[in-house]
Structures are given as structure tokens and as C-alpha cells.
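Asker: Here's a sequence, model it:
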Amino acid sequence: MAPIPTPPAEPQDSPDTYVGLASDAAERLARERGWSTVRSLESGTIITMEYRVGRLNFEVKDGRVARSWKG
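Answerer: From the prediction side, this is the model:
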């Protein structure tokens, strides 16, 4: 049986630091800090809840990050 791959380490970065930033600036900063996937979602968007290592999610209201979480 093949070994289970070890996922890459996530950036040591708190999602809370992005709350309040303009969404485009937050996305750019997250990528600079090493997040492999950055997903911006409008408030109320239906999403799947699978956890993805290296993904940072933003809930955007009025062009600003209202909430941010890993996975």
C-alpha cells in the first residue's frame, strides 16, 4: 500500500489579521504570506465544508473581509 502523503505546512498566520481589510488587498497579502489557495466568498454563499490544507477563506461584505478561516 502506498504511504499517505504528508501535507505541506500551513503559513504561521492568523486568519483574524485579514478581517477588515479590502478583499483584494487581503487576497494579495495572503498569497504573499504563503497560502496556496485563497477563496473569497460573498456573504451567504453556499460552500462545501471539506478541509483543505493551505486554503484561506474570506467572507466578503461590502468589499471588505468580514470573516476569515482556514481550510
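Asker: got the end-to-end distance for stretch 38-57?
Answerer: 6 Å (CA to CA, to the nearest Å).
Asker: Kindly report the same for stretch 60-67.
Answerer: 7 Å.
Asker: Need the contact partners of stretch 16-34.
Answerer: Outside stretch 16-34, the residues that touch it by CB atoms under 8 Å, 6 or more residues apart in numbering are 11, 13, 38, 40, 56, 58, 60, 63-68. Glycine gets a C-beta too; all of them are placed from N, C-alpha and C.
Asker: Can you get me a residue count around G63?
Answerer: By other CB atoms under 10 Å, the residues close to G63 number 9.
Asker: and it, backbone torsions?
Answerer: The phi and psi values for G63, taken as degrees, to the nearest 10, are phi 80, psi 0.
Asker: Write down the beta-bridge partners of the spatially most central residue of the chain, one by one.
Answerer: Centroid-nearest residue in the chain, with CA atoms, centre = their mean: L56, separated by 1.0 Å. Using DSSP bridges, the bridge partners assigned to L56 are V38, K70.
Asker: picking that back up, save the contacts of stretch 16-34 as CSV, and put in secondary structure and distance to I4 too.
Answerer: As requested, the contacts of stretch 16-34 are exported to CSV (DSSP: H, G, I helix; E, B strand; the rest coil; distance: CB to CB, whole Å):
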residue, secondary structure, distance to I4
P11, coil, 22
D13, coil, 25
V38, strand, 26
S40, strand, 31
L56, strand, 24
F58, strand, 30
V60, strand, 34
G63, coil, 40
R64, strand, 39
V65, strand, 33
A66, strand, 36
R67, strand, 31
S68, strand, 28
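Asker: Are any of the residues you listed buried, and if so which?
Answerer: With burial judged by 16 or more other CB atoms under 10 Å, the buried subset of the contacts of stretch 16-34 is V38, S40, L56, F58, V60, R64, V65, S68.
Asker: Closest to P7 out of these?
Answerer: Of all the buried ones among the contacts of stretch 16-34, L56 has the smallest distance to P7: 14.7 Å, by CB to CB.
Asker: ok, now which ones touch that closest one?
Answerer: Contacts of L56 by CB under 8 Å, 6+ apart are P15, Y18, A30, W35, T37, V38, R39, S68, W69, K70.
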